[in-house]
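> Generate coordinates for the sequence data below:
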Amino acid sequence: MALLNVDKLSVHFGDEGTPFRAVDRVSYSVNQGEVVGIVGESGSGKSVSSLAIMGLIDYPGRVMAEKLEFNGRDLKRISEKERRQLVGAEVAMIFQDPMTSLNPCYTVGYQIMEAIKVHQGGNKKTRVQRAIDLLTLVGIPDPASRLDVYPHQLSGGMSQRVMIAMAIACRPKLLIADEPTTALDVTIQAQIIELLLELQQKENMALILITHDLALVAEAAHKIIVMYAGQVVETGDAKDIFRAPRHPYTQALLRALPEFAQDKARLALAAGRGAGQIRPSERLSAQPALPLCDRQMPQRRT
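Coordinates of the predicted model:
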């Protein structure tokens, strides 16, 4: 049985008569210990779909799904109390910008220990030692002294390492990393991804990597989900998608990579509209973006 099972997940905003379809009937699954990459351009619905799983879509957003299950539990039916017990303990998320995700009013140590206190309890001495162990695990030097620093005293890379430490504090079964390297320079990006993959293997976590970086998921992911305008247009094993992509949008994304580009070749046209801006009658998987989709329904890999 899959650890996470998502079937026909939709997230709408605005009026029910003319909703903004940020996510439209998305389906996928994630197994224990699996690394899944969700790729697509900005506004394709990658982050919103994961926020829906975490229960972080507020009014006027509406979350609908035929099935939304984690570890055999129906996420559509659990109470707010049960969700608070689940999020942080069994499912955790790393957000895009660590500088705005950490609370500037509290020390690093307090924020890590608070996560441990809420979900695992224990005395203060135990929580302090666990926080030190976590900072050591994510590669922060002199971890004991770092407990007393505030977020503004850390670099972007160090802040992201602290966010990772908080996310894995309770050994979650599923970790969602939403563009975890966006605000970091190139050398730090590689270190953070290497750290995430190392922790994923060590803890046997399922890991969802949300990114627009196809080169990243090519190296890291077992499975890739390609999204466009709120829909999943292609899903498959990473090696299969990179070797023989079926959907024209996936093909266009791959052709935009320097290693796949041909000398003096023009980039594929992708002048479409974002998620929610496409009328239901147009939703033929990238029809407004790619000319081929005007003529035929493209193939999907599942």
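
> quick one, phi psi at the residue nearest to residue 67 when sequence neighbours are not counted?
The shortest distance from residue 67 to any non-neighbouring residue, by C-beta to C-beta, 6 or more residues apart in numbering, is to residue 7 (3.7 Å). From N, CA and C alone the C-beta is placed, and that goes for glycine too. As for residue 7, its main-chain torsions (degrees, to the nearest 10) stand at phi -130, psi 120.

> Hmm, residue 7 is touching residue 74, no?
No - with contact defined as C-beta atoms under 8 Å, residue 7 and residue 74 do not form a contacting pair (11.6 Å).

> Quick check: neighbours shared by the two?
Shared contacts of residue 7 and residue 74 (C-beta atoms under 8 Å, 6 or more residues apart in numbering): residue 68.

> Now do the contacts for the residue nearest to residue 67.
Under the criterion of C-beta under 8 Å, 6+ apart, the neighbours of residue 7 are 27, 65, 66, 67, 68.

> Am I right that the last one is in a helix?
Translated: residue 68. No - checked against DSSP: H, G, I helix; E, B strand; the rest coil, residue 68 lies outside a helix; its state is strand.

> got a list of what it touches?
The contact partners of residue 68, by C-beta under 8 Å, 6+ apart, come to 5, 6, 7, 9, 52, 53, 74, 75, 76.

> among those, which are in strands?
5, 6, 7, 9, 74 (DSSP state E).

> Any idea what the last one is bridged to?
Applying DSSP bridges to residue 74 yields these beta-bridge partners: residue 69.

> Check the burial of it by counting its neighbours.
Neighbour count for residue 74, taken as other C-beta atoms under 10 Å: 12.

> Tell me the spacing between the nearest residue to residue 253 once chain neighbours are set aside and residue 60.
Closest residue to residue 253 apart from its sequence neighbours, by C-beta to C-beta, 6+ apart: residue 214 at 6.0 Å. Distance of residue 214 to residue 60, computed by C-beta to C-beta, to the nearest Å: 33 Å.

> what does residue 22 give?
11 Å.

> Kindly report the same for residue 141.
45 Å.

> Next: residue 159.
Distance, residue 159 to residue 60, using C-beta to C-beta: 31 Å.

> go on, residue 244?
Distance from residue 244 to residue 60, by C-beta to C-beta: 41 Å.

> and what of residue 81?
24 Å.

> Compare those two (neighbour count), which wins?
Legend: neighbour count by other C-beta under 10 Å for residue 81 and residue 60, higher for residue 60 (12 against 8).
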